[in-house]
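J.: Dropping the sequence and predicted coords here.
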Amino acid sequence: MADSQLEATVAASAFQKQWFADLRRRVFDDRQPYALLQADVPFELFDLVDIPAVSNQWWAGIVAAKRQAPKFLDAMEGGGLHGDLCRYCSLGYASTRYPDAGEAPWGGLPTPRLLCARLTCDCIHRVFSLWAAAFGAELFEIDHPGAGDLPPRWWELGRHNWRELVEPHRLAFVAATLERLVERLEAISGRALDRDALRERLRLVNQQEEVFDAVRRLIALAPECPVRMTEQITNVMATQWVRGSEWALAHARAFHDEVKRRVDEGVAACPDERARLMWIGAGLWHDTAFYNAFEASHRAVFVWSMYLAFGPDGYIRYGLDDPMAALASRTASFNEYLHNPPWAAEWIVHQAREQRIDGALVLRPRSMKPGATGRLFIERALE
């Protein structure tokens, strides 16, 4: 049984610890201007002009891991904010707005130079507007132009035919928005964005996601799952926050090679697995042991989550003569791919078939009304 962690997982955890320490030093000690971003904002642009960036979702995951989420969310509801705001996206704001309610990591975030979010659902504009007001900081919003149509099996077009996948007017709109964002970043940092460096970064992102695609295939074809979902998430997310860097690519390859050795040697995360499960929704960051508990009780293994699977299908873009357009094509339809019917449901059913999934656990908002979100469509499609 694969009781011991992968060496890659230990290395990923060590890297993240050092990365967090370096980020804290730059933001707190060196007082560098930093940005607070929604996770689907293109981090590459910030990194290439040397602006440290903190992800809203990463910050929420840290708060949750420290078991402080209920205190901050209760304070937010007590303050009169709507109880049905997405908790994953509003937790960071709550930790800033109600600092006395709990113990925020690092003693709470200092004031960012810029907040940036894509407006992918009803609550994001409200949360980030309130957050910017609480900090007294600038907010840059990336409007989300709704897709008129996405062709069936969109994941087969995204890599080579992204100009066909994203309608021309949507592609031009998002690219123009990213150009305006670059103007703000250049003004803040005093550095010009190197377009050749952006092209090279996206080329390395492609290579990194190709490696994760190979890992995904290894897991799909192995008689039994060789690596726990919690370790998949750790290795993928450690690289995704710094995607396209030399370390990220090298680590992705090390992760792949170790998973392949396990497959070749017949090592299983849960020997004699009886059921293969998939997890639909954000990671359960405050209790990752939840996933492993099913192995002990039912020999059921969580094999799949969006974290490993979405990189290859959502990020790879070949044909980088215009790197900003390629980046815009990735940014334009994140929401449709991951959440909206019929595209999200179609992709997840495809993934379930490829990974030989027996059952799915779908994470729902606690007060979801029938038909209110894409999760019900995903459930029906899986059924």
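T.: Yes, it's here.
J.: my read: Ala134 touches Arg97, true?
T.: Yes: Ala134 sits in contact with Arg97 when judged by Cβ atoms under 8 Å, with a separation of 5.0 Å. The way it works is simple: take the backbone N, C-alpha and C, and place the C-beta from them, glycine included.
J.: Looking at these two, which one has more neighbours?
T.: The neighbour count for Ala134 versus Arg97, taken as other Cβ atoms under 10 Å, is higher for Arg97 (19 against 15).
J.: can you pull the contacts of the more buried one?
T.: For Arg97, the set of contacting residues under the criterion of Cβ atoms under 8 Å, 6 or more residues apart in numbering consists of Ala75, Met76, Gly79, Leu130, Trp131, Ala134.
J.: Distance check, the third one against Arg97.
T.: I take that to be Gly79. According to Cβ to Cβ, to the nearest Å, Gly79 stands 7 Å off from Arg97.
J.: Can you give me the buried ones in the helix or strand that contains Gln351?
T.: Counting by DSSP states H and E, the element that carries Gln351 is helix 343-354. Neighbour-count burial for helix 343-354, with 16 or more other Cβ atoms under 10 Å as criterion, is recorded at Trp343, Ala344, Ala345, Glu346, Trp347, Ile348, Val349, Gln351, Ala352.
J.: Spatially nearest residue to the fifth one, not counting backbone neighbours?
T.: What it means is Trp347. The shortest distance from Trp347 to any residue other than its chain neighbours is 5.9 Å, reached at Trp155 (Cβ to Cβ, 6 or more residues apart in numbering).
J.: how about the one you found, secondary structure?
T.: The three-state label for Trp155, taken from DSSP: H, G, I helix; E, B strand; the rest coil, comes out as helix.
J.: ok, now which ones touch the nearest residue to Arg87 once chain neighbours are set aside?
T.: Closest residue to Arg87 in three dimensions, ignoring its sequence neighbours and counting by Cβ to Cβ, 6+ apart: Leu73, at 6.0 Å. Counting by Cβ under 8 Å, 6+ apart, Leu73 touches Arg87, Ser90, Leu91, Ala94.
J.: cool, Pro342 as well?
T.: Shown here is Pro342, whose contacts under the criterion Cβ under 8 Å, 6+ apart are Phe377, Ala381.
J.: mind running it again at 6 Å?
T.: Pro342 sits next to no residue when contact means Cβ atoms under 6 Å, 6 or more residues apart in numbering.
J.: And it, how close does it get to Leu218?
T.: 29 Å.
J.: which helices and strands sit right next to the lengthiest helix in the chain?
T.: Among the elements of the chain assigned as helix by DSSP state H, the one spanning the most residues is helix 195-221. Helix 195-221 is packed against helix 246-265, helix 306-315, helix 323-332, with contacts defined by 3 or more Cβ pairs under 6 Å, 6 or more residues apart in numbering; DSSP states H and E.
J.: List just the one of those helices that sits closest to Gly190.
T.: Taking Cβ to Cβ as the criterion, Gly190 comes closest to helix 323-332 out of the helices and strands packed on helix 195-221, the separation being 20.6 Å.
J.: Could you point out the helix or strand that follows the closest one?
T.: Counting by DSSP H and E, the element after helix 323-332 in chain order, helix or strand, is helix 334-338.
J.: Which positions within that following helix qualify as buried?
T.: Neighbour counts over helix 334-338 (16+ other Cβ under 10 Å) mark Phe334, Asn335, Glu336, Tyr337, Leu338 as buried.
J.: Need the worst-confidence member of those residues.
T.: In terms of pLDDT, the weakest of those is Asn335, which scores 77.
J.: What sits closest to that one if chain neighbours are left out?
T.: Here the nearest residue to Asn335 in space, its sequence neighbours aside, is Thr120; by Cβ to Cβ, 6+ apart that works out to 4.1 Å.
J.: swap in Arg159?
T.: Nearest one to Arg159, counting by Cβ to Cβ, 6+ apart, is Ile316 at 4.7 Å.
J.: who touches that neighbour in this structure?
T.: The neighbourhood of Ile316, defined by Cβ under 6 Å, 6+ apart, consists of Arg159, Asn206, Glu209.
J.: I'd like those laid out as CSV, including neighbour count and distance to Glu258.
T.: Compiled in CSV, those are given as follows (neighbours: other Cβ atoms under 10 Å; distance: Cβ to Cβ, whole Å):
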residue, neighbour count, distance to Glu258
Arg159, 19, 26
Asn206, 19, 22
Glu209, 26, 18
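J.: For these, give me a markdown table that also has pLDDT.
T.: Below are those laid out as a markdown table (pLDDT from 0 to 100):
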| residue | pLDDT |
| --- | --- |
| Arg159 | 95 |
| Asn206 | 98 |
| Glu209 | 98 |
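J.: Tell me the one of the residues you listed nearest Gln18?
T.: Using Cβ to Cβ, the shortest approach to Gln18 within these belongs to Glu209, at 23.6 Å.
J.: how near is the closest one to Asn161?
T.: In this structure, Glu209 lies at 17 Å from Asn161, with Cβ to Cβ as the measure.
J.: Then Phe255?
T.: Counting by Cβ to Cβ - Phe255 and Asn161 are separated by 29 Å.
J.: Which one's more surrounded, these two?
T.: Phe255 (28 against 14).
J.: How far away from the center of its chain is stretch 7-26?
T.: Between the centre of stretch 7-26 and the centre of its chain there are 17 Å (Cα atoms, centre = their mean, to the nearest Å).
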